[in-house]
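Trainee: Pasted the sequence and its predicted model underneath.
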Amino acid sequence: QGVLVPGLGTFAVVHEQINGTEDVYVVRRPVFQLDMDMSCLQELVFPTVMTPGDVKIMPLDYWWLSQTNSLPPDVVRGCVEETILLYSFQLRDRQRPAFAFENVGILSCQDNVLCMKFHCSCIVELQSQDTWVALLLT
């Protein structure tokens, strides 16, 4: 399953089969597919990540987010939209702030490369086995 954050991109979990020398590993790993206004990304390079077609993509659940912080869903939606807008303006102005997602990872720009770096704890939480393979791949 994946989650679409409008104006930013899609977070998803993909299953990947890795052939080792003696074993075949199937790992679940997080991916992020950037979906921002291209005018914000001038001079930036970003990895092309495609979410597989069989992954169900859901919209961001503002009601659920509102339950975690006691704010009304429309306020949460406004905060998310304004934060993404601010981030895109900063990128357009050649500022390179990091965008942190609690318990998930950090969207950062280094040497004009914009990429999502997932926290090890996020990757480990997705795995029931073969954790080290997933960590190496991500």
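Mentor: Noted; the coordinates are in hand.

Trainee: pLDDT score assigned to Leu137?
Mentor: Looking at Leu137, its pLDDT is 55.

Trainee: dump the residue contacts of His3.
Mentor: Small correction: residue 3 is Val, not His. Thr10, Phe11, Ala12, Ile57, Met58, Pro59, Leu60, Asp61 (CB atoms under 8 Å, 6 or more residues apart in numbering). Any C-beta I mention is one placed from the backbone N, CA and C, and that applies to glycine too.

Trainee: List the contacts of the closest residue in space to Glu43 that isn't next to it in sequence.
Mentor: Once flanking residues are discounted, Glu43 sits nearest to Asn112: 5.8 Å by CB to CB, 6 or more residues apart in numbering. Asn112 is in contact with Glu43, Leu44, Val45, counting by CB under 8 Å, 6+ apart.

Trainee: The first one belongs to a strand?
Mentor: Translated: Glu43. No. Counting by DSSP: H, G, I helix; E, B strand; the rest coil, Glu43 is not found in a strand; it is coil.

Trainee: ok, Gly7 to Val24 distance?
Mentor: With the distance defined as CB to CB, to the nearest Å, Gly7 ends up 38 Å from Val24.

Trainee: What is the neighbour count of Gln33?
Mentor: A count of nearby residues for Gln33, using other CB atoms under 10 Å, gives 20.
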